[in-house]
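**Q** can't give you the sequence, but here's the structure:
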């Protein structure tokens, strides 16, 4: 009985202070004034008398008003100390020196890591052989210990033909990759872990053509992949080699292989950072052949097509994307599990864990409705409800809608000008909820 009296006494005191004390009511009234809201009254703000009924009805909104008050003070601080101008100046100074800082999304859980990129693209300029020659180097570490270190030599406009060439040397280490078996019927409860390390030597030669509608880029490539697979570092899951060596899973011990390929990309987006019209389409084909005892031999075909539609008389955008990957074994060759088509994660079906499904082939589709909920100068906060649909399937199987995996959710994207600064996505599926914190959109 005493506890009930104490609770009701506290509640009565809170109501009394919120409704009758002038200082509290004036403070609450001040909170409702937000100089950054576009539709506020103009002119000098004048405090008005608030009735008892208005005070009572406004009680549930006080926590939200406090949030608005804090946001208003933050923006005032940005104005007062010219934080926006100083940030732009700092980024420009670093960029002029060829240093770029960016967030890096973890492909395991959507967490953010860091990436530092150094670019020197004018080591050689106006040579009789190339317009410019330089290099690019980067290193990054995700929140899930996904490490990538790379260097790239870049040649532009070779012999005044518009042809470019890149030579990349890359090492990546993923000590806690997950594997759930092959096929759409695999179970998340039946999970394994493995350590994936790859050394890549990659050469690309291409040329971009200007068309009436957009641009067309054609690129040929050759790569040598040195892949090592070992048991993962996550002791809470079973190790892949302890189980799948006896199952004759191709690639469970890693291996070396060559890749020769061709990719074509057509792009007619009106803005690559924040497209509202047009789209980008790509198609590629790769021949892969194992060496040094690896029996890999297969063809890989990939395609994707994204299109953007501006909603009539608004700045809202509908985005649609379809993508697919198909692997076809050649002769008696095999397809390593680590290069199979995969679904799940921030770039395919977002409601499922990264690389949740493995198989020979995969098809998926993404739909988004992007609209603005807040603006201030070059800053913008958008919301984007989305729907993802996809499925994997093996040799001799056909894609069927009834076998597809569905996920849905919403994204909140904070942008500076046309660049996405922070993208927070929440996705729901039959296997639970996934969260992503990224610095780019899914497409």
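**A** It's in. If you're wondering where the values come from, they're calculated on a predicted model, not measured in any experiment.
**Q** C-alpha from now on. contacts and neighbour counts both.
**A** Fine.
**Q** can you count the residues close to the residue nearest to residue 294 when sequence neighbours are not counted?
**A** Take residue 294 and drop its neighbours on the chain: the residue closest to it by C-alpha to C-alpha, 6 or more residues apart in numbering is residue 255, 5.6 Å away. By the measure other C-alpha atoms under 10 Å, the count of residues near residue 255 is 21.
**Q** likewise residue 313?
**A** The number of residues near residue 313, taken as other C-alpha under 10 Å, comes to 6.
**Q** Going forward, count from 33.
**A** Sure, I'll start numbering at 33, so the last one becomes residue 345.
**Q** Show me the beta-bridge partners of the nearest residue to residue 320 once chain neighbours are set aside.
**A** Distances taken as C-alpha to C-alpha, 6+ apart place residue 291 nearest to residue 320, at 4.5 Å, with adjacent residues excluded. Counting by DSSP bridges, residue 291 is bridged to residue 255, residue 320.
**Q** distance of residue 291 from residue 187?
**A** Shown here: residue 291 relative to residue 187, a distance of 22 Å by C-alpha to C-alpha, to the nearest Å.
**Q** same thing with residue 198?
**A** 6 Å.
**Q** Name the nearest residue to residue 253, ignoring sequence neighbours.
**A** residue 236 (4.3 Å).
**Q** where does that neighbour fall, phi/psi-wise?
**A** When read as degrees, to the nearest 10, the backbone of residue 236 gives phi -130, psi 140.
**Q** what residues are up against it?
**A** 197-199, 251-254 (C-alpha atoms under 8 Å, 6 or more residues apart in numbering).
**Q** Among those residues, which pair sits farthest apart?
**A** 199 and 251 (13.0 Å; C-alpha to C-alpha).
**Q** about what we covered before: list the ones among the contacts of residue 236 that fall in strands.
**A** Judged by DSSP state E, the contacts of residue 236 include 197-199, 251-254 as members of strands.
**Q** what bits of the stretch 133-282 of the chain have low per-residue confidence?
**A** Along the stretch 133-282 of the chain, segments meeting pLDDT under 70 span 133-147, 158, 174-177, 266-267, 277-278.
**Q** Model confidence at residue 51, what's the number?
**A** Note on residue 51: pLDDT of 41.
**Q** same check, this time on the one 10 residues further on
**A** pLDDT, residue 61: 39.
**Q** quick one: residue 274 is in a strand?
**A** No. Assigned with DSSP: H, G, I helix; E, B strand; the rest coil, residue 274 falls outside any strand and is helix.
**Q** List the residues that contact it.
**A** residue 263.
**Q** mind running it again at 7 Å?
**A** If a contact means C-alpha atoms under 7 Å, 6 or more residues apart in numbering, then residue 274 has no contacts.
**Q** How about residue 305?
**A** Counting by C-alpha under 7 Å, 6+ apart, residue 305 touches 450-451.
**Q** Okay, and it sits in which element?
**A** Using DSSP states H and E, residue 305 sits within no helix or strand.
**Q** ditto for the one 10 residues further on
**A** Secondary structure from DSSP H and E places residue 315 in strand 310-323.
**Q** starting at the chain centroid, how far to that strand?
**A** 20 Å (C-alpha atoms, centre = their mean, to the nearest Å).
**Q** and what of stretch 396-412?
**A** 14 Å.
**Q** That stretch: which residues count as buried?
**A** 396-404, 412 (16 or more other C-alpha atoms under 10 Å).
**Q** Residue 395 is in contact with residue 423, correct?
**A** Yes. With contact defined as C-alpha atoms under 7 Å, residue 423 and residue 395 form a contacting pair (5.7 Å).
**Q** neighbours of residue 468, just the number please.
**A** 22.
**Q** Which other helices and strands does the helix or strand harbouring it contact?
**A** Per DSSP H and E: residue 468 is located in strand 464-470. Packing partners of strand 464-470 (3 or more C-alpha pairs under 7 Å, 6 or more residues apart in numbering; DSSP states H and E): strand 131-137, strand 451-461.
**Q** more crowded one of residue 423 and residue 395?
**A** Between residue 423 and residue 395, residue 423 has the larger neighbour count (other C-alpha under 10 Å), namely 27 against 24.
**Q** What helix or strand is that one located in?
**A** Short version: residue 423 belongs to strand 411-425, going by DSSP H and E.
**Q** Parallel or antiparallel, which strands does that strand pair with?
**A** When DSSP bridges is applied, strand 411-425 pairs with strand 393-408 (antiparallel), strand 437-448 (antiparallel).
**Q** Output these as JSON lines; include the columns distance to residue 226 and mean pLDDT.
**A** Formatted as JSON lines, the strands paired with strand 411-425 follow (distance: least, C-alpha to C-alpha, whole Å; pLDDT from 0 to 100):
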{"stretch": "strand 393-408", "distance to residue 226": "22", "mean pLDDT": "93"}
{"stretch": "strand 437-448", "distance to residue 226": "25", "mean pLDDT": "93"}
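**Q** Is it possible to get CSV of those that adds distance to residue 346?
**A** CSV is the format used below for the strands paired with strand 411-425 (distance: least, C-alpha to C-alpha, whole Å):
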stretch, distance to residue 346
strand 393-408, 9
strand 437-448, 18
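**Q** Quick one: closest of those strands to residue 151.
**A** Nearest to residue 151, of the strands paired with strand 411-425 and by C-alpha to C-alpha, is strand 437-448 at 22.5 Å.
**Q** between the closest one and strand 464-470, how many degrees?
**A** Counting by axes from the mean of the first three to the mean of the last three C-alpha atoms, to 10 degrees, strand 437-448 lies at 30 degrees to strand 464-470.
**Q** now the angle between strand 451-461 and strand 437-448, please.
**A** Using the same axes, to 10 degrees: strand 437-448 against strand 451-461 is 160 degrees.
**Q** mean pLDDT lowest for which of the helices and strands packed on strand 464-470?
**A** strand 131-137 (a mean of 49).
**Q** now residue 257, nearest residue through space, not along the chain?
**A** Using C-alpha to C-alpha, 6+ apart, the nearest residue to residue 257 is residue 232, at 4.9 Å.
**Q** next one: residue 254
**A** Per C-alpha to C-alpha, 6+ apart, closest to residue 254 is residue 292, 4.6 Å.
**Q** Report the contact partners of the one you found.
**A** Residue 292 touches 253-255, 318-320, counting by C-alpha under 7 Å, 6+ apart.
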